[in-house]
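1. Got a predicted structure plus its sequence, pasted below:
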Amino acid sequence: MGLGELYAAQAASEMADISYSLEEVGNTAGSAGVRAHLDAQFRSRMARDANSWRTALYEGLRDSEWFCVEGYRMIRAQRIDSPL
């Protein structure tokens, strides 16, 4: 059914949408701020739909030490470096 490809594309779009706000939070509050921001997003989505791919995305991002410390900075860098 192609669900893996569909969810991957949707997650990539979601991450591109939040990349700027994550960088802003990271610049002002560091990795703890990024984690807190992602946790708030996770809890909001969990309250609405525990089985949503967005809920799983935010839980995974929040729980990733690498993502909260440096990974979030690579989202916009990938978009800038990608050929048109």
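-> Done, it's in. All of these numbers come straight from a predicted model, not from anything done at the bench. Residues are numbered from 1 along each chain as shown.
2. Helix or strand with the lowest mean pLDDT in the protein?
-> Using mean pLDDT, DSSP states H and E, helix 73-81 stands out as the lowest-scoring helix or strand of the chain, at a mean of 73.
3. where does this structure have low pLDDT?
-> Counting by pLDDT under 70, the chain shows low-confidence ranges at 78-84.
4. and the top helix by length along it, what does it pack onto?
-> As assigned by DSSP state H, the longest helix anywhere in the chain is helix 3-48. Applying 3 or more C-beta pairs under 8 Å, 6 or more residues apart in numbering; DSSP states H and E, we find helix 3-48 packed against helix 53-63, helix 73-81. Quick note: C-beta positions are derived from backbone N, CA and C, even for glycine.
5. Tell me which of these is the most buried.
-> With neighbours taken as mean count of other C-beta atoms under 10 Å, those reach their highest mean count in helix 53-63, at a mean of 18.
6. Now the element after it, going C-ward?
-> Using DSSP states H and E, the helix or strand that directly follows helix 53-63 along the chain is helix 65-66.
7. Quick check: closest non-adjacent residue to the residue minimising distance to the centre of the chain.
-> Taking C-alpha atoms, centre = their mean as the criterion, Met15 is the residue nearest the geometric centre of the chain, at 4.7 Å. Excluding the flanking residues, the one nearest Met15 by C-beta to C-beta, 6 or more residues apart in numbering is Ile75, at 5.3 Å.
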